[in-house]
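Trainee: below are the sequence and a predicted model; questions follow.
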Amino acid sequence: MKKVLWVKFGWSEYYRGGPVDGNFGWLKDAKGSKKEGKGHEAFNFLPVNGTYYCYVPPQKKEYAPWNEDNHGWTVICLAKRPKHTGIHIIGWYEDATLLGRWLKPPKDKVPVEGDDRSSAYDWSYCIKSKSAFFIPPENRMVPFSHPSVRQGKYSFLVGPDVDPKPEKKALLTLLTSRLDQLRDVAVQQPSEEVVPDPELNPSDPLTGFGSPEHRKKVEKAAEKAVIAYYAKRMFKSEDMTKVKCGYDFLFRKGSTSLHVEIKGTSSENAGFFLTRNEHDAGLKKDSAWRLAMVTQALSDNPVVQVYDAKQLLKAFDMTPYVYLGRPIFAPESA
């Protein structure tokens, strides 16, 4: 890569119109309160007619990223996950064009005509590209730290008229190494069809995590792996999946009984959903409750890790994801 810069903006799960979070002035009102989803970067990975339009915040009194040779840049996109340390690579653009100023999307470039995601607030962009790679949130697992990234909004690492300082070379080496590691899990040319945003499909909040058929296949493979895991430890199993008791399997050995909820993923990265029943009946109240997390569930060598409630809360950030609204009072009849 002969022309490379990094840019940093607010955190979003999918950058297709959903909420944006971050400790930036443009995400807060005059009193410092958070403005939900008001970041221009909300659409940074939403293609419009095959082109991606990227917002980058201003850096001090400088303008948007610019170089006289403004075509053919690799732009590495960074963001800080709220309430966590370190910076994550959330994607990158290849063969990008630097515009040097912020532009409003023309009417024919509004993501979806009449869609509230594009019309609810103004947004702008200063970089465009027809080639994008996106790291889904479940694969943003390894943050890094660097002084210049913590303090800046963008920086040129290599290219025409770029000062080859040692710290820039070191950061370029770090970032290109990370890109090589992430390329296998990166989604090329992300879109609503390729990687849907579950937040924007309330009828199926698991939309972004594979088809129902794929999820069922992973579920059965994970159950098989956990049964084998406990069989090696001389436990007998009893299927409880048809009983709404807050766990999937009962494992017994002598006087020991374990209530095991099983979660699986086909990737190397652990992540799961808990229903309210699983959370309340198991995680909160049952000392025999365990969560068995299976990664690489569809491989020949699935990995099983088992957590009790205390270990689980230390290992995972538990965030409410879906809320159910019901009327408090029955409406009066006419």
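Mentor: That came in fine, so what should we check first? All figures in this text were calculated on a predicted structure; none of them were measured in a lab.
Trainee: show me what the helix or strand where Tyr53 lies is in contact with.
Mentor: For Tyr53, the host element (DSSP states H and E) is strand 52-54. Strand 52-54 has contacts (C-beta atoms under 8 Å, 6 or more residues apart in numbering) with 7, 41, 43-46, 75, 77, 93, 96, 105, 109, 125-130, 132. The way it works is simple: take the backbone N, C-alpha and C, and place the C-beta from them, glycine included.
Trainee: for the nearest residue in space to Ala292 that is not next to it in sequence, give me phi and psi.
Mentor: Closest residue in space to Ala292, ignoring its immediate chain neighbours: Val226 at 4.5 Å, by C-beta to C-beta, 6 or more residues apart in numbering. Torsion angles at Val226 (phi, psi; degrees, to the nearest 10) stand at phi -70, psi -40.
Trainee: next, the contact list for Val226, please.
Mentor: Here Val226 is in contact with Phe249, Val260, Ile262, Ala292, Val294, Val304 (C-beta under 8 Å, 6+ apart).
Trainee: nearest to Gln311 among the residues you listed?
Mentor: Of all those, the one with the least separation from Gln311 (C-beta to C-beta) is Ala292, at 11.9 Å.
Trainee: list the contacts of that closest one.
Mentor: Taking C-beta under 8 Å, 6+ apart, one finds Ala222, Val226, Tyr229, Val260, Glu261, Ile262, Lys263, Val304, Gln305, Val306 in contact with Ala292.
Trainee: who's it bridged to?
Mentor: For Ala292, the beta-bridge partners are Ile262, Val306 (DSSP bridges).
Trainee: could I have the longest strand along the chain exported to PDB, CA atoms only?
Mentor: Secondary structure of the chain per DSSP state E: the longest strand is strand 88-103. Extracted as PDB, the C-alpha positions of strand 88-103 are listed here (Å, rounded to 0.1, in the frame of the first residue of the first chain):
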ATOM      1  CA  HIS A  88     -10.800  -1.000  17.000                       C
ATOM      2  CA  ILE A  89     -10.400  -1.300  13.200                       C
ATOM      3  CA  ILE A  90     -14.000  -1.300  12.000                       C
ATOM      4  CA  GLY A  91     -13.300  -1.500   8.300                       C
ATOM      5  CA  TRP A  92     -11.400   0.100   5.500                       C
ATOM      6  CA  TYR A  93     -11.800   1.600   2.000                       C
ATOM      7  CA  GLU A  94      -9.500   0.800  -0.900                       C
ATOM      8  CA  ASP A  95      -8.900   3.100  -3.900                       C
ATOM      9  CA  ALA A  96     -10.700   5.900  -2.100                       C
ATOM     10  CA  THR A  97     -10.900   9.500  -3.200                       C
ATOM     11  CA  LEU A  98     -10.200  12.400  -0.800                       C
ATOM     12  CA  LEU A  99     -12.500  15.300  -1.400                       C
ATOM     13  CA  GLY A 100     -10.900  17.800   1.000                       C
ATOM     14  CA  ARG A 101     -14.300  19.200   2.100                       C
ATOM     15  CA  TRP A 102     -17.600  18.000   3.500                       C
ATOM     16  CA  LEU A 103     -20.300  17.500   1.000                       C
END
